[in-house]
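1. only the shape, not the letters, is given here:
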């Protein structure tokens with residue numbers, strides 16, 4: 001899957017943008033960095049951290065006062081992803097609706113991505 005020119009690789013729902021903006025303001029941060037790492041029962045996990053500055057290879061997506069920094073190793077996995085923030089009775093957190101994910105584990109914390117074509 002490839003990025004569409006002029007379209008950000010990820011989109012934020014209003015709830016996600018508001019939560020990211022709150023976290024950035026509270027921490028006096030430059031952005032909210034999203035990445036992926038190996039781990040979990042399905043093979044990969046999302047990472048999220050407050051960032052004090054954008055890295056030279058980060059993709060920066062802005063929505064109002066919210067700024068998401070996509071780490072270089074995550075960029076190819078994040079294209080087309082919608083990030084939401086859901087508040088529930090027992091838990092609240094960010095949710096990723098990612099068309100590149102082909103499998104998740106039962107706990108919902110671990111993901112497996114579609115294999116890249118070897119053409």
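-> Thanks, I have the structure now. Since we're looking at a predicted model, the values are computed, not measured. Numbering: from 1, shown residues only.
2. switch to C-alpha atoms for all contacts and neighbour counts from now on
-> Fine.
3. all helices of this protein, in order?
-> 14-27, 75-78 (DSSP state H).
4. can I get those in a markdown table with distance to residue 54?
-> Shown next, in a markdown table, are those (distance: least, CA to CA, whole Å):
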| stretch | distance to residue 54 |
| --- | --- |
| helix 14-27 | 13 |
| helix 75-78 | 14 |
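5. now for those, which one comes closest to residue 93?
-> helix 14-27 (9.2 Å; CA to CA).
6. which residues touch the closest one?
-> 29-32, 50, 63-67, 83-86, 94 (CA atoms under 8 Å, 6 or more residues apart in numbering).
7. buried sites along that helix?
-> Going by neighbour count (16 or more other CA atoms under 10 Å), the buried part of helix 14-27 is 16, 17, 18, 19, 20, 21, 23, 24.
8. tell me the contacts of residue 12?
-> So residue 12 contacts 63, 82, 83, 84 (CA under 8 Å, 6+ apart).
9. by neighbours, which of those residues wins?
-> residue 83 (20 neighbours; other CA atoms under 10 Å).
10. beta partners of that residue?
-> residue 12, residue 96 (DSSP bridges).
11. residue 96 is in contact with that one, correct?
-> Yes - Residue 83 is within contact range of residue 96, at 4.8 Å (criterion: CA atoms under 8 Å).
12. count residues in the vicinity of residue 101, would you?
-> 16.
13. and it, how close does it get to residue 112?
-> Here the distance between residue 101 and residue 112 works out to 6 Å (CA to CA, to the nearest Å).
14. picking that back up, nearest to residue 105, out of the buried residues of helix 14-27: which one, please.
-> Relative to residue 105, the closest of the buried residues of helix 14-27 is residue 16; by CA to CA it sits at 23.0 Å.
15. okay, the closest one: pLDDT?
-> pLDDT for residue 16: 97.
16. that one and residue 38, how far apart?
-> 24 Å.
17. what pLDDT does the residue nearest the centre of the chain get?
-> In the chain, the residue lying closest to the centroid (CA atoms, centre = their mean) is residue 34, at 4.6 Å. Looking at residue 34, its pLDDT reads 95.
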